[in-house]
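Peer 1: next one to model:
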Amino acid sequence: MNGLLRIPSQIANTLVIIAILSITSLVYRREGKDLSELGLNLKPGNFGFGLLGLILGGLFVIPLIFLIAWMKGYPVIFNHSFNSSYVLSGLWILFPTVMLEELAFRGICFKKTIEISSVTKANIIFAVLFIVSHWLNVAQIGNPIEMTILLITGLGHVLYSTALLKSKTLFFPIGLHLGNNWVSLFVFSNLNIGDPLNGQLKPSLVNVVALYTIPVFDREFFSTTLVTALSFILFILAIRKWTSSKKMRLNSSPDTV
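Peer 2: So this is what the prediction gives:
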């Protein structure tokens, strides 16, 4: 439930999304433009990018999860008791939050910041804001380990902003973001043995089994964090190279950023 509106968070987020879209549309209309500036017009090519993003975002996470689990020595096991309804429900549960974050951090404010400064400056500003928002959302201000882990969300912003600028549609980063979160949180899940708060078995498709330990700054922490960061950097470079070489076949107006 949303503490302010006293309604489910998905509904609250949906209402905020409608409000942001309405304001964005109004601003663009006064400039003689429309939501096509963000690629949110209902074109088949835009929806194609959304679906492509969902697939690529999910596929990106899978080998990374296995690699990190291997580095930590955690078994990755198929959950014979998985619930397909639970796994698929993650798409609906996560979509409003993902959509809201994309509008907030890769929407009109981001595009306007680019217009008055540059892509680099806009990315720095909104990457920092994206990191801070995650610190606040999970109440980790003051926890140096979790705050360090969440620095990776800054690279997440660069990934999603690159997808937006290359495809000219916000549907692409929405798909990438949703696929990333869905696979991480619903297709896979962590089973922390001995942790009374997180030790319950979730009906996900695959479980990463770990012996509960208190995270510390050690060699394993830094190596897995580095591998995760490098994976995001490689994915960003791949998106840039692929979208340039393929001439954006799913969209009639390619970008050359």
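Peer 1: show me the contact partners of stretch 171-179.
Peer 2: Outside of stretch 171-179, the residues within contact range by C-beta atoms under 8 Å, 6 or more residues apart in numbering are 39-40, 46-47, 49-61, 91, 94-95, 98-99, 101-102, 106, 156, 159-161, 163-164, 166. Where C-beta positions appear, they are placed from N, C-alpha and C, glycine not excepted.
Peer 1: narrow these to those that are buried.
Peer 2: 39-40, 46, 49-50, 52-54, 56-58, 60-61, 94-95, 98-99, 101-102, 106, 156, 159-161, 163-164, 166 (16 or more other C-beta atoms under 10 Å).
Peer 1: can you give me the helices for the stretch 101-250 of the chain?
Peer 2: 108-116, 119-137, 144-149, 152-167, 171-182, 219-245 (DSSP state H, counting those that start in this stretch).
Peer 1: for Thr24, find the nearest of those.
Peer 2: Among the helices of the stretch 101-250 of the chain, helix 108-116 comes nearest to Thr24, with 4.7 Å by C-beta to C-beta.
Peer 1: from the chain's centroid, how far away is the lengthiest helix in the chain?
Peer 2: Longest among the helix segments of the chain by residue count, using DSSP state H, is helix 44-72. The chain centre lies 10 Å from the centre of helix 44-72; the measure is C-alpha atoms, centre = their mean, to the nearest Å.
Peer 1: if I pick the closest residue to Leu151 other than its chain neighbours, what's in contact with it?
Peer 2: Nearest residue to Leu151, sequence neighbours excluded (C-beta to C-beta, 6 or more residues apart in numbering): Ile131, at 6.1 Å. For Ile131, the contacting residues are Leu150, Leu151, Thr153, Gly154, His157, by C-beta under 8 Å, 6+ apart.
Peer 1: need phi/psi at the second one.
Peer 2: Think Leu151. When quoted as degrees, to the nearest 10, the phi and psi of Leu151 stand at phi -60, psi -20.
Peer 1: that one: neighbour count?
Peer 2: Neighbourhood size, Leu151 [other C-beta atoms under 10 Å]: 14.
Peer 1: repeat for the fourth one
Peer 2: Gly154 has 21 neighbours, counted by other C-beta under 10 Å.
Peer 1: I'd say it and Val128 touch.
Peer 2: Yes. Counting by C-beta atoms under 8 Å, Gly154 does reach Val128; the two are 7.0 Å apart.
Peer 1: and stretch 111-125, how far apart are its ends?
Peer 2: The first and final residues of stretch 111-125 sit 12 Å from each other (C-alpha to C-alpha, to the nearest Å).
Peer 1: likewise for stretch 100-112?
Peer 2: 18 Å.
Peer 1: looking at that stretch now, give me its mean pLDDT.
Peer 2: Mean pLDDT, stretch 100-112: 96.
Peer 1: in that stretch, what counts as buried?
Peer 2: Leu100, Glu101, Glu102, Leu103, Ala104, Phe105, Arg106, Gly107, Ile108, Cys109, Phe110, Lys111.
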